[in-house]
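Trainee: predicted model and sequence below, questions to follow.
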Amino acid sequence: MTRIVITAPFDPRIAAELPGEVVTASEAETGQSLGARAAADPVFAAALAEADVVIAELDRIDDDALAAAPRLSLVVACRANPANVDLAACAARGVEVRTTPGRNADVTADFTLALLLATVRHVPAASAWLRAGNWSGDDVFEPYARFRGIGLSGRQLGVVGGGAVGRRVVRRAQGFGMRIAVYDPFLAPGALGDDVQHLELDDLLATSDIVTLHVPLTPETTGLIAARELALLRPDAYLVNAGRAALVDRDALLAVLREGRIAGAGFDVFHDEPLSSDDELLRLPNVTLTPHIAGASDDVVVEHSRLAAAAVASVFPPPSSSPSPSPHSAEVREATAPDAESRTQAATHRNADASPTHPDDSREATAPDAESRTQAATHREASTPDPHEREHHVTATATADVVVLDIEGTTSAAGFILGDLYDYARPRLDEVLGRDDDTVRAARADAIAETGLDADASDAEIAEALRGLMAKDVKSTPLKTLQGIIWAEGFAAGEIHSQFFDDVPPRLHAWHEDGIRLAVYSSGSVASQVPWFRHAPQGDLTPLVEDFFDTVKAGPKKESASFDKIAAALGVAPDRALFLTDHPDEVSAALAAGWQVVALDRAGEPWAGADFAAPAVASFDEIEVTR
Ligand SMILES: CSCCC(=O)C(=O)COP(=O)(O)O
C-alpha cells in the first residue's frame, strides 16, 4: 500500500482517486520544514514516518524532513520550481522530485488580458471614481468623457516571450481581434500560426499598441526592457507586466511613466514585494496595479492536483496496469527511471535552475520548466507469449513538457517520402546545384567532399552522386539542404503535398491543447519540414509546433550531443523531453542524452520489429503524455 502525505492545498476529489492511503495535513507556515513540524507534532510525525510520497507546495522538504520520512521515495512539489525542496538532499537519499509545471499558465494568461483591459479601459479608476460619489446629475456624461479608452480589435499586441503563458495570451488576444507580434528568439517563424508576426524586440516595441511581457527571468533577461527599449515605445502605447518585474529597469520605467511618455501601464509584479505604501507607482495616475495575483485561482489547485496525481501514478502505477507488484521491481525501474547517478545529476541541475522563492509562485508558468523528472513506463498486457507481438501491445506513458518528433517512419510513411518526394527532387537537383546562392554553394561544396568527387565536378556529376545517396536513403546534410530547397518550392507551387499517419494529427492537437510543447527533429531540412507540416492533408499543423530542428541546426541524429543542443534551445531539461522516433540508433542517442524516448514500431516501415532500447508502440494512439 502506497502511503501519501499531502500538505499542499489539494482537490479532494483527485485526492480520493490517488492510488494509496492518503493523509492530508494543512500547510504549515511558509518555509517551515516538515521535519520541524514532525518534531513538534507526533501525529504528523507518525504519518511522515510511513510516507512513500509527500505532496507539498510551500512546506520545506530538507534533510530533517527526509530523516523523518525514511520510506519516502517521491516528493511532488506543487509548483514549477521546487524551491521548497532540498534537491541535493533528495538526490543523496534517492528520493525522486517531481513538479507541476504550467499549472497556472491558463489563469495567468486570463489575468493578463484582465489587466490589459482594465488598463486601457481605465476600469479601476472609473470604479474608484464612482465609489467616491463623483457621478452627479450635473453632468451625467462626465465619466463618458473622463474614462475614454481604446478598443482592442485591429490593434497590435506585442507579446515578448512565446512560452506557456505567452502562447495562451496570443490565443486570447486573437479572440479580441488583435493583430499579434511576438518576440521570442527560440520560436521558429510560423510556430504560433501564420497570423502571428515574428519581430525583433526593437521592432515589436516600436510598432505595438500594447506590449505584454512573458519571458522567464534569467540573467540574460533581467533588465531586458531598459531606458533605450522604453524609449522605443510609442506615446500612445501601453505596457503590461504580469510576468516578472525585473525584466524592466525600474528607474527607467518610473521616468517614462512620470513624464507621460507612454499612455499607461498595468503591473501585477513589482521589484520589491509587498509594494511599499509610499512607492511612487501608487501615485502615478496612468498605472493600474494589482498585488501579484495573476496565479491566484482555485483552478491552479485543481490543475496542480491533477499533475501531482499523474506524477504519483507514473511512479506508482496502479496494479492493474503493471505486471509488477512494486514500482521498484527491476523490470519497471529499467523502463521507467534513469539510474541513481543520472537522478543525482538531474537534481543538481534542477537546484541550480531553481528561482528564488516567491510565496505565490504565480510567475512559474513563464519559466522554461526544467525541474521535474519523468520517465516513460511500459504497461504490458499480462500475457504476451510472442515477443514481437508483445511489442505491439505496449502502451507508453510519459510525463514531459516537450515532445520532439522524427518524421520519416514516425509521423509519416517512409514510402511516401521515398516515393512522391524523392521522385520530385531527383530531376531537379542539377538545376538547383547551378544556382548563384550562398546556401547552394555551401551545400555543393559539402556534397563534393562527402561523395569524394573532384573539386571541379560538374553539376550533373554531383547530382548523379546525390541521386546515388538518395537510392540508399542516406541522410546526407547537403543532400537534405538541396532537397529542402526543391521541396519548399514544390509545396509553394502546389505540386507536392505531405502525408501524415491518421493517428498523428489528432494526438498532436490533443498534446498541444494540454500545454505540451511540440518540436520536430528530422534529417529533412527545416526548409522542408515547415511546409511538410503546413500542407498536411489533415490541415495546417505548424501552429502546433514550436520549433523545427534539422542536422544543420542541431547536428547528426545519431549523436547524443545533438539532443543536448535541442534541449538547451528549447529551454527544457533532458528528462522533461520526450523523443518519438522509428530509428533504433536515434533511440539510443536520445537516451544517452538523458531524454525519454518512445519508439514507433509501425507495420511496414523500414525499422519495424527492430530491437529498440525504449518502449515501442505501433501508433501515436498508444502514447500517453502528461505534463
Ligand atoms: C520534410 S519531409 C522530408 C523528410 C526527409 O527528407 C527525411 O530524410 C526524413 O528523415 P527523418 O530524420 O525524419 O527520419
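Mentor: Thanks, I have the structure now.
Trainee: from now on I want contacts and neighbour counts done on CA atoms only, so please keep to that.
Mentor: Fine.
Trainee: which positions in the stretch 401-550 of the chain make contact with the ligand?
Mentor: Counting by C-alpha under 6 Å from any ligand atom, the stretch 401-550 of the chain comes close to the ligand at Asp406, Ile407, Glu408, Lys475, Ser522, Ser523, Gly524, Ser528, Gln529, Trp532.
Trainee: now with 8 Å, please.
Mentor: Within the stretch 401-550 of the chain, the residues that sit near the ligand (C-alpha under 8 Å from any ligand atom) are 405-410, 414, 417, 421, 473-475, 480, 483-484, 498, 521-533, 550.
Trainee: now, of these, which are buried?
Mentor: With burial judged by 16 or more other C-alpha atoms under 10 Å, the buried subset of these is 405-410, 414, 417, 421, 475, 480, 483-484, 498, 521-533, 550.
Trainee: ok, residues contacting stretch 154-167?
Mentor: For stretch 154-167, the external contacting residues (C-alpha atoms under 8 Å, 6 or more residues apart in numbering) are 102, 105-106, 108-109, 170, 173, 177-184, 187, 192, 201, 204-205, 207-216, 365-368, 515.
Trainee: one more time with 7 Å
Mentor: Residues outside stretch 154-167 that contact it (C-alpha atoms under 7 Å, 6 or more residues apart in numbering): 102, 105-106, 108-109, 177-184, 204, 208-215, 365-366.
Trainee: circling back: filter the buried ones among the residues of the stretch 401-550 of the chain next to the ligand down to just the ones in strands.
Mentor: Leu405, Tyr521 (DSSP state E).
Trainee: so which of the buried ones among the residues of the stretch 401-550 of the chain next to the ligand belong to helices?
Mentor: Mapping these onto helices (DSSP state H) picks out Ala414, Lys480, Gln483, Gly484, Val526, Ala527, Ser528, Gln529, Val530, Pro531, Trp532, Phe533.
Trainee: which of the helices or strands spans the residue nearest to the third one when sequence neighbours are not counted?
Mentor: So that's Gln483. Using C-alpha to C-alpha, 6 or more residues apart in numbering and skipping the chain neighbours, the partner closest in space to Gln483 is Ala425 (6.0 Å). Assigned by DSSP states H and E, Ala425 falls within helix 422-425.
Trainee: can you pull the buried residues of that helix?
Mentor: Neighbour counts over helix 422-425 (16+ other C-alpha under 10 Å) mark Tyr422, Tyr424, Ala425 as buried.
Trainee: spit out the contact partners of the last one.
Mentor: It refers to Ala425. Gln483, Ile486, Trp487.
Trainee: centroid-nearest residue for the chain?
Mentor: Arg517 (4.3 Å; C-alpha atoms, centre = their mean).
Trainee: in the stretch 501-627 of the chain, which spans are helices?
Mentor: Secondary structure of the stretch 501-627 of the chain (DSSP state H, counting those that start in this stretch): helices at 504-513, 526-534, 560-570, 584-592.
Trainee: the first one - contacts with which helices or strands?
Mentor: The helices and strands touching helix 504-513, judged by 3 or more C-alpha pairs under 7 Å, 6 or more residues apart in numbering; DSSP states H and E, number zero.
Trainee: let me see the mean pLDDT of that helix.
Mentor: The average of the pLDDT scores along helix 504-513 is 92.
Trainee: what does that helix contact?
Mentor: Contacting residues not belonging to helix 504-513 are listed as Thr411, Gln538, Leu544, Phe620, Asp621 [C-alpha under 7 Å, 6+ apart].
Trainee: what count of nearby residues applies to the fourth one?
Mentor: So that's Phe620. 23 (other C-alpha atoms under 10 Å).
Trainee: just give the closest residue to Ser560, not the sequence neighbours.
Mentor: Spatial nearest neighbour of Ser560, excluding adjacent residues (C-alpha to C-alpha, 6+ apart): Ala589 at 4.5 Å.
Trainee: quick one: low-confidence ranges for the protein?
Mentor: Applying pLDDT under 70 to the chain picks out residues 28-30, 318-394.
Trainee: interface residues of it facing the ligand?
Mentor: So the chain meets the ligand at 405-410, 414, 417, 421, 473-475, 480, 483-484, 498, 521-533, 550, 557, 581-583 (C-alpha under 8 Å from any ligand atom).
Trainee: from the ligand, how far out is the residue of the chain positioned farthest from its centre?
Mentor: Computed with C-alpha atoms, centre = their mean, the residue of the chain farthest from its C-alpha average is Asp138, at 55.4 Å. Distance, Asp138 to the ligand, by C-alpha to the nearest ligand atom, to the nearest Å: 69 Å.
Trainee: SS state for that residue?
Mentor: Assigned by DSSP: H, G, I helix; E, B strand; the rest coil, the conformation of Asp138 is helix.
Trainee: what about Asp251, how many residues nearby?
Mentor: By the measure other C-alpha under 10 Å, the count of residues near Asp251 is 10.
Trainee: I figured Pro531 was touching Phe491, is that so?
Mentor: Yes. Between Pro531 and Phe491 there is a contact under C-alpha atoms under 7 Å: 6.4 Å.
Trainee: ok, the helix or strand where Thr288 lies: who's next to it in the sheet?
Mentor: Thr288 is part of strand 287-289 when elements are defined by DSSP H and E. When pairing is defined by DSSP bridges, strand 287-289 lines up against strand 264-267 (parallel).
Trainee: number of residues surrounding Ala455?
Mentor: By the criterion of other C-alpha under 10 Å, Ala455 has 10 neighbours.
Trainee: and it, how far is that from Leu482?
Mentor: Computed as C-alpha to C-alpha, to the nearest Å, the Ala455 to Leu482 distance reads 18 Å.
Trainee: ditto for Ala242
Mentor: Ala242 is 45 Å from Leu482, where distance means C-alpha to C-alpha.
Trainee: can you check Glu57 too?
Mentor: Glu57 is 52 Å from Leu482, where distance means C-alpha to C-alpha.
Trainee: ok, residues contacting stretch 123-135?
Mentor: By C-alpha under 7 Å, 6+ apart, the residues outside stretch 123-135 that reach it are Ala118, Phe147.
Trainee: go with 8 Å
Mentor: Contacts for stretch 123-135 (C-alpha under 8 Å, 6+ apart): Leu117, Ala118, Glu142, Pro143, Phe147, Thr288.
Trainee: with stretch 400-414 instead?
Mentor: Contacts to stretch 400-414, defined as C-alpha under 8 Å, 6+ apart, come from residues 101, 369, 374, 417, 499-501, 504, 515-522, 572, 575-582, 600, 602, 605-607, 625-627.
Trainee: what about 6 Å?
Mentor: 499-501, 516-522, 576-582, 600, 605, 627 (C-alpha atoms under 6 Å, 6 or more residues apart in numbering).
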